[in-house]
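In: sequence-free structure coming up:
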């Protein structure tokens, strides 16, 4: 039985096109307590591990957010977009005919270790109290923010041009969309993120996560049993 007031840590496989807050709202409505938060945003176009904490377990959110993350996904070469992903339409095209598999593997090397990364302007980082994505969508000029990040593993798992699949293990605050964009630059080309899945946060793995609808159904079933 769940004890949401004492505190639960819930692993959820975030559905495609749901915001992280959409998931929090869905669970909050099911458990009928307000004290629910998530340990690290996932973009709407990403899927995978989202950790929700309830009740007294919300005290652990900052610790969870600081833990190592693992992602898998796909870059598409030969194109760039303003958002670095599929949210916006391509703004530049490049010839990919000269790109070799060896060059693709070599292009990962500059991003392994600690380095300064520029956040996408379509991100939740705030400028003047407003998320950059709000300013960008309103057509306002945004000065991208930079911060130090660390990538321990960046490996290419499949090459089927223009698509390139990858696995990344990285620190808190790493933007995989920015990595896609910068990876394209490293190839003297263009790239944007076309699929992303978070598979791990610290020791918590996607294999142990609930499908959202299954979790909500179980919560409601337990609530009905208590009546």
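Out: Arrived safely, thanks for sending. Not measured: the values here are computed from a predicted model. Numbers count the residues shown, from 1 in each chain.

In: Wait, residue 116 touches residue 150, no?
Out: No - in this structure, residue 116 is not within contact of residue 150 by Cβ atoms under 8 Å, at 10.9 Å. C-beta: built from backbone N, CA, C; applies to glycine.

In: When those two are compared, which one has more neighbours?
Out: For the pair residue 116 and residue 150, the greater number of neighbours falls to residue 150 (16 against 8), based on other Cβ atoms under 10 Å.

In: Leaving aside the residues adjacent along the chain, what's closest to the more buried one?
Out: Excluding the flanking residues, the one nearest residue 150 by Cβ to Cβ, 6 or more residues apart in numbering is residue 171, at 4.1 Å.

In: Grab the longest strand from this structure for me.
Out: strand 146-160 (DSSP state E).

In: Okay, now the sheet partners of it, with direction.
Out: When sheet partners are counted by DSSP bridges, strand 146-160 sits next to strand 113-118 (antiparallel), strand 163-170 (antiparallel).

In: Tell me the strands beside the helix or strand following the first one, with direction?
Out: Going back to what we said before, that points to strand 113-118. The element immediately downstream of strand 113-118 (helix or strand, assigned by DSSP states H and E) is strand 126-127. Its sheet considered, strand 126-127 pairs with strand 130-131 (antiparallel) by DSSP bridges.

In: circling back to that earlier point, which one, of the strands paired with strand 146-160, ends up nearest to residue 137?
Out: strand 113-118 (18.6 Å; Cβ to Cβ).

In: quick check: mean pLDDT across the closest one?
Out: Mean pLDDT, strand 113-118: 95.

In: How about stretch 184-204?
Out: Stretch 184-204 comes out at a mean pLDDT of 98.

In: bridging residues for residue 70?
Out: Residue 70 has these beta-bridge partners by DSSP bridges: residue 169, residue 200.

In: er, residue 165 I mean
Out: For residue 165, the beta-bridge partners under DSSP bridges are residue 74, residue 158.

In: show me the contacts for it.
Out: Residue 165 makes contacts with 72-74, 156-159, as judged by Cβ atoms under 8 Å, 6 or more residues apart in numbering.

In: And the helices in the chain?
Out: With helices called from DSSP state H, the chain shows them at 20-31, 61-65, 101-106, 132-137, 176-186, 212-226.

In: got the angle between the first one and helix 212-226?
Out: Between helix 20-31 and helix 212-226, the angle formed by their directions is 20 degrees, by axes from the mean of the first three to the mean of the last three Cα atoms, to 10 degrees.

In: What is helix 20-31 packed up against?
Out: Helix 20-31 is packed against strand 9-14, strand 36-38, strand 47-54, helix 212-226, with contacts defined by 3 or more Cβ pairs under 8 Å, 6 or more residues apart in numbering; DSSP states H and E.

In: low-confidence ranges in the protein?
Out: 123, 125, 132, 135, 226-227 (pLDDT under 70).

In: 80 instead?
Out: Counting by pLDDT under 80, the chain shows low-confidence ranges at 121-145, 223-227.
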